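>>> Structure of the sequence below:
(3 chains)
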Amino acid sequence: MLGYLESLPLLDHHCHGVLGRDVGRAEFEALLTEADTVPPGVSLFETQVGFALRRWCPPVLGLDAHAAPDDYLARRAELGAAEVNRRLLEAAGLAALCVDTGFAPEAILDPVELGRLAGAPAHEVVRLEAVAEEVAAGGGDAARFAADVRARIDARPAGVVGAKSIAAYRAGLELEGARPSAAELASAAGRLMRQKEPRVCDEVLHRYLVWCAVDAGLPVQFHVGYGDADADLRRGDPLLLAGLLRAMDPVPALLLHNYPFHRNAGYLAQVLPNVYVDAGLATHNLGHRAPALIAELLELAPFGKVLYSSDAFGLAELYYLGAVLFRRGLAAFLGDGVADGAWTSADAERVAGMVASANARRVYGI
Amino acid sequence: MLGYLESLPLLDHHCHGVLGRDVGRAEFEALLTEADTVPPGVSLFETQVGFALRRWCPPVLGLDAHAAPDDYLARRAELGAAEVNRRLLEAAGLAALCVDTGFAPEAILDPVELGRLAGAPAHEVVRLEAVAEEVAAGGGDAARFAADVRARIDARPAGVVGAKSIAAYRAGLELEGARPSAAELASAAGRLMRQKEPRVCDEVLHRYLVWCAVDAGLPVQFHVGYGDADADLRRGDPLLLAGLLRAMDPVPALLLHNYPFHRNAGYLAQVLPNVYVDAGLATHNLGHRAPALIAELLELAPFGKVLYSSDAFGLAELYYLGAVLFRRGLAAFLGDGVADGAWTSADAERVAGMVASANARRVYGI
Amino acid sequence: MLGYLESLPLLDHHCHGVLGRDVGRAEFEALLTEADTVPPGVSLFETQVGFALRRWCPPVLGLDAHAAPDDYLARRAELGAAEVNRRLLEAAGLAALCVDTGFAPEAILDPVELGRLAGAPAHEVVRLEAVAEEVAAGGGDAARFAADVRARIDARPAGVVGAKSIAAYRAGLELEGARPSAAELASAAGRLMRQKEPRVCDEVLHRYLVWCAVDAGLPVQFHVGYGDADADLRRGDPLLLAGLLRAMDPVPALLLHNYPFHRNAGYLAQVLPNVYVDAGLATHNLGHRAPALIAELLELAPFGKVLYSSDAFGLAELYYLGAVLFRRGLAAFLGDGVADGAWTSADAERVAGMVASANARRVYGI
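Residues are numbered from 1 along each chain as shown, chains lettered A, B, ... in the order given. I've put the predicted structure just below:
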C-alpha cells in the first residue's frame, strides 16, 4: 500500500504560510512544537516530532537519516531558506493546498509563493475572527459591525474556498446552534469595538462569524483539540460543538486536528451528515505514533468523511513530515486490513484515493 | 484461541428485535450505522462496519467474501428476509439472548421469534422509560403515576431478566444517587402527563425508574456513550453515573456500549462491586478495529465483570457481525497474551468462558 | 532494548510504604487493586494485574511462573513478610525512591526501612493535606492556621525532596491559579478547624498548600486520574489544573498516574514548561496492556519530561511489578522504534536513561 500512497498527491486542506527566511536553533525548536518554552535540560528534539524530523528530513537536504540536530541545522543554513523550502515542499507531493492566512507575521510567504514552492495550486481559507478584528479595528459604527463583517465575507476574493473559526482558542467550542439576534450582536460588537486592540473572544461573535460563512456557502474549518499553550483544551472538545454542527447542515464543517478528542470527532463524522475530520498537526507531532492516531480516527468516521491536512506553519519540514507520516500511517492501516482480509486491495486503493484528495475536492469544489 | 472461542456459544445480553421483512439499499444503509443521512458522494458501506459486513456476511448467504454491496443486497432479496435472518442468526452461535423490547416498530419480530431463529432461548429486558410513557399515556392521576409505574415493573412477565435505562439519550447520565422524594416525583409526573405524547426526559423520572428496577431486584442496563445522532454524547460519559451506581449496589448495573468512554467504564467495573461492562454496538461499528476496543476495555475491568452483547437492531447481519468480531477480538487479546507468556492457555480459556456466557448467566440468573 | 533497560536502575519517584507483616488472601486481594470489594463469583486475581502478578512474582519467591493464587500465597506465608519484601524490592532494581508518607497505617514500614529493603536511598515526599490536617487537629487559632502550615512546610526535614497534593481525591483538580487571599484562607481554616476530625476538602486550602510548597521551592506531585473508589474521576482530569500549573512555573509539577487522561497529561507536558508526567499505578494495573499506555503517554510528552513511578503501596509485589512492566513497556516502545528506523539505538538508549532516572534526578535535585 505504501507504494500506492506515495504515487498519490495529497490535497493539504489546511495549512499556513511557510517562513521565507533562515532561522536559528532556538527559533527552529520553538516552531517545531506547540510549546512556548522548555526548562534547562529538556530539548524539543527529544520528542516524537523531533525524532521524526531527524529521520525523514535530512535525506531531503542531502544528509543521512538521523543526523544530529546541529548538523541538520548547519546544513539547513548552508542551503538557505529558499532552497530548503523548495526541496521539502516539493518532496511533500501535494495536489493542492488550502492556506489559512489569518496568522501571518512578517516573513511568512503568501499562498501564491507557497503554491509555487509546492508545485501545486494554493487556495485560500479566510480566518473569520481576523475579518471581524479588522472591521472592529477600522473603527466605525458598532451598529454597522455585523453588516460590515458579512459584507467582507461575501466579497471575498475568488480564490477563497473555505472559512476557518478559532473559537476553540478563544471562547471555546460550546457555541449555540441558533443565529445570534440583532440585539446580542449589537451588544457584542460594542464590547469588541471598545477594546484598544480588538480581539474576538465572545460566544456570540464566533457564532455569528460561522453563520456568515454558512450563509455564503463556505465550508467552515474549526480548530479542535490540541493546539498552542494558551488554549484551554477542555473547551476544545468537538462534542461541545454538536448543536451548531447540526444547525449548519448541509454546509460542510471540517473538524481540524482533533487530538486527543479524535474518537469524539470520528463519532460526529458518522452521525452528522455535514461533518468531516482530519488529524492535522497531531500527525507530525506524534511522529512514530501517527499510525495509532490515524487508526483511531478511522474507527467511526466514514472513509468518505476523512481528509488530509498538515496544519504546517513556518517550517517547511512540517509540510513534508505531515505528508510522509500521513501516507505511512494510512498505508499501514489499509495494508494491515488487506493482509488480514478485512478488505481487498482494490477497496484499500479506492479508500486511499478518497482520503488523499477526492474527499477534499468534493467538499471544497476544487 | 480462535478455535476455542468459536466453540463457545455467546450469551448476547443486550440486543433488540430483528426486522421480519425485506429492505432496499437506502433502508439497509440507514440500519447499518447510527447516521441519520449521508451527503452525496458518501456511502455508509465505505466504513468499518460496511467492510466488515462485506467480509463476513456474503459467505453466509452463499457469496464470496467482499462481494459488492449491490450484489450482496440482490442475493439478500433473492433469499428473502426469513431465510437471511435464519442463516445469520444461526451463524452467530448464541447461547441465549436478552432482548430490549422498548423500541420495536412494525415488522420487528418479538423475542420468541428471534430466539427461534437463533436456536437459543430469548429473555426479555424491560425498557424503563417505555413503561413510564405507557402509564402516562394511559391518562389517569398524576398522584398515582409513581405507584402505577412501580406496580407495572413489579408485575413484569416471568421472562423478564433485567431492565434498561435510556437516560443517556434523554436527560443524560448525571443522575443523583438518592431516591427521589414524593414531592419531586409528583411534580415530574405532572409535567410528563401534561405532554400530548409523554416522553420521559427528566432526571427525577429516569432515577425513579432505576430505583423501581433496583427494588424489584432487576439488573439494570444503562445505555452509555455512542448511540444515535440525537444523543448528546457529552452526557453519556459513565463517570456521570457513579453516584447512582454506588447507591444501587448490590443490584448489578450493566454499562452498555461505552465507546469512546470504555476506559472510564472499565475503571468503574474495577472500583465499584456491582458494575459490569460490555462493548456492544461499537464492536460491529469498529469492524477491523474491534480488537483495539476490546483490549482497551479489558485494561482495568476485571474479567469477571465483562459481558458480550451485540446491541443489534433490525438487520440480522448485526447479530452475526457482533458475534464474529467479538470472538475474533477476544481471541486476539487472549491469544496474544498466551503467545507473550502473560497467561497460560488454561487461564485464557477460563477467561473466554467467563466473558462468553458465564458472567452473564451469573448476573441475570439465567 | 530490554537488556539495556534491565541494566538501568529505575528512580521510583512516587511510592508509598510497604507492609511489614503477613497478609491473608482477602487482604492481599484488597491491596492488589483499587476496588473496595467484589461480588461473589468475581476474583481480583482474574484481572490484568492479577495475571501479571502470577507471571512475574512467583519466580522471585522460588515458584514457577503462573502459579495458582493459593499456591503463591502459601509460599508467601512460608517465606514471611520480611523475606518476601526483601526479595521483591531488591528484584525491582531501583536507583532511589521518593516515598509519600502521607498515608501510613500501622505496620507500614517507614522510608528508611523501605530503602534498606530496596538497597537504594529513600527520600521523602510530604503530603500537603496531611500537614494541614495535623495543624488543624492540633487545635489552636484559626487565624494562625495559614502561617503554621507554611512554617511546617518550610521546616521540613532535610530528606524531603517534594510535596504531594491529593486535591484530585477531595475537592478536585479545578484549582484556581492565584494565591488565595488572607480572607479566603481565614474562612476556609475556620471551617476546617470546626470539624471533629479535620479533613481538607476545600479548593482554597488545596491551592494554598500547593503555593506553600511552591514558595518553598519543592516540586509538587499531583494525584491525577485513576485512583480508589472514593474519587470522582471526572474531577481528576489534569486539564482542570492548567491554570495553577501555569502559575507555579518554574517550580516543577509532576502529574502522577494520569490514566485514563494520560494523553491530556502528555499534552500539558509538551505545552507547559514545568510539567512532568508518569504512568504510575496504571502501569501495574494494566499488566499486559502497560505497553499501550506507555506508548500513548509518549505521544506528546517530550522524553525529557517523563518519569518512572510505581505508586506501590503495601504489597512488595507492586514495587516489583511496576518496575518490570515499565521496563518492558518502555523497551517495547523504544525497540519498535529502532526496528522501524524511527530512531537509532543510541537515541533509544539515551531516552531510556533519561526516563529511567536522569529526568527525576534533575527535577528533584537527587
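>>> does chain C sit close to stretch A:11-28?
No: using CB under 8 Å from any CB of the partner chain, stretch A:11-28 never reaches chain C; the gap is at least 13.9 Å. Yep, even glycine has a C-beta here, placed from its N, CA and C like the rest.
>>> for that stretch, how far is the first residue from the last?
26 Å (CA to CA, to the nearest Å).
>>> same question, stretch A:341-360
28 Å.
>>> Can you point out the buried residues in it?
Neighbour counts over stretch A:341-360 (16 or more other CB atoms under 10 Å in any protein chain shown) mark A:342-344, A:347-352, A:354-360 as buried.
>>> Keep these, but drop any that are not near chain B.
Among these, the residues within reach of chain B (CB under 8 Å from any CB) are A:342-344, A:347, A:351, A:354.
>>> is it possible to export those residues to TSV including distance to C:R199, secondary structure and pLDDT?
Below are these laid out as TSV (distance: CB to CB, whole Å; DSSP: H, G, I helix; E, B strand; the rest coil; pLDDT from 0 to 100):
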residue	distance to C:R199	secondary structure	pLDDT
A:A342	54	coil	98
A:W343	57	coil	98
A:T344	62	coil	98
A:D347	60	helix	98
A:V351	56	helix	98
A:M354	57	helix	98
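>>> Then A:H223 would be within a helix, right?
No: per DSSP: H, G, I helix; E, B strand; the rest coil, A:H223 lies outside any helix segment and is strand.
>>> re the thing from before, looking at the ones next to chain B among the buried residues of stretch A:341-360, which one is closest to B:R127?
Distances from B:R127 to those, taken as CB to CB, are shortest for A:A342 (34.4 Å).
>>> Now the closest one: closest residue in space that isn't a chain neighbour?
Among residues not flanking A:A342 along the chain, B:H288 sits closest, at 4.0 Å (CB to CB, 6 or more residues apart in numbering or on different chains).
>>> which residues in the stretch 201-350 of chain A form strands?
In the stretch 201-350 of chain A, the strands defined using DSSP state E, counting those that start in this stretch lie at A:220-224, A:253-257, A:275-277.
>>> which secondary element of chain A has the worst mean pLDDT?
helix A:25-32 (a mean of 92; mean pLDDT, DSSP states H and E).
>>> my read: A:E203 touches A:E174, true?
Yes: A:E203 is within contact range of A:E174, at 7.2 Å (criterion: CB atoms under 8 Å).
>>> Show me where the stretch 51-200 of chain A dips below the pLDDT cut-off.
Applying pLDDT under 70 to the stretch 51-200 of chain A flags no residue at all.
>>> what residues are up against A:F103?
Neighbouring residues of A:F103 by CB atoms under 8 Å, 6 or more residues apart in numbering or on different chains: A:16, A:127, A:130, A:313.
>>> Torsion angles phi and psi at the nearest residue to the last one once chain neighbours are set aside?
Using CB to CB, 6+ apart and skipping the chain neighbours, the partner closest in space to A:F313 is A:H16 (3.8 Å). In this entry, A:H16 is assigned phi and psi values of phi -120, psi -170 (degrees, to the nearest 10).
>>> count of neighbours near A:H16?
For A:H16, the count of nearby residues is 24 (other CB atoms under 10 Å in any protein chain shown).
>>> coming back round to it: is chain C contacted by the helix or strand just after the least confident helix or strand of chain A?
Using DSSP states H and E, the helix or strand that follows helix A:25-32 in sequence is helix A:48-60. Yes: using CB under 8 Å from any CB, helix A:48-60 reaches chain C at A:48, A:51-52, A:54-55.
>>> Please tabulate these in TSV, including the columns neighbour count and distance to B:L109.
Output for the residues of helix A:48-60 next to chain C, formatted as TSV (neighbours: other CB atoms under 10 Å in any protein chain shown; distance: CB to CB, whole Å):
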residue	neighbour count	distance to B:L109
A:Q48	27	52
A:F51	22	56
A:A52	24	54
A:R54	24	61
A:R55	24	57
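>>> list the buried ones in the longest helix along chain A?
Scanning chain A for the helix with the most residues, using DSSP state H, yields helix A:316-340. Neighbour-count burial for helix A:316-340, counted by 16+ other CB under 10 Å, picks out A:316-335, A:337-338.
>>> Same question for stretch A:247-264.
A:247-249, A:251-264.
>>> The residues you listed in helices, which ones?
A:247, A:262-264.
>>> Check which helices and strands the least confident helix or strand of chain A is in contact with.
helix A:48-60, helix A:69-79 (3 or more CB pairs under 8 Å, 6 or more residues apart in numbering or on different chains; DSSP states H and E).
>>> Deepest in the core, which of those is it.
Ranked by mean neighbour count, the helices and strands packed on helix A:25-32 are led by helix A:48-60 with a mean of 22 (mean count of other CB atoms under 10 Å in any protein chain shown).
>>> helices or strands next to it in the packing?
helix A:25-32, helix A:69-79, helix A:81-91, helix A:282-286, helix A:316-340.
>>> Is stretch A:208-227 positioned near chain B?
No: using CB under 8 Å from any CB, stretch A:208-227 stays clear of chain B, coming no nearer than 11.6 Å.
>>> That stretch vs chain C: in contact?
Yes: using CB under 8 Å from any CB, we find that stretch A:208-227 touches chain C at A:Y226.
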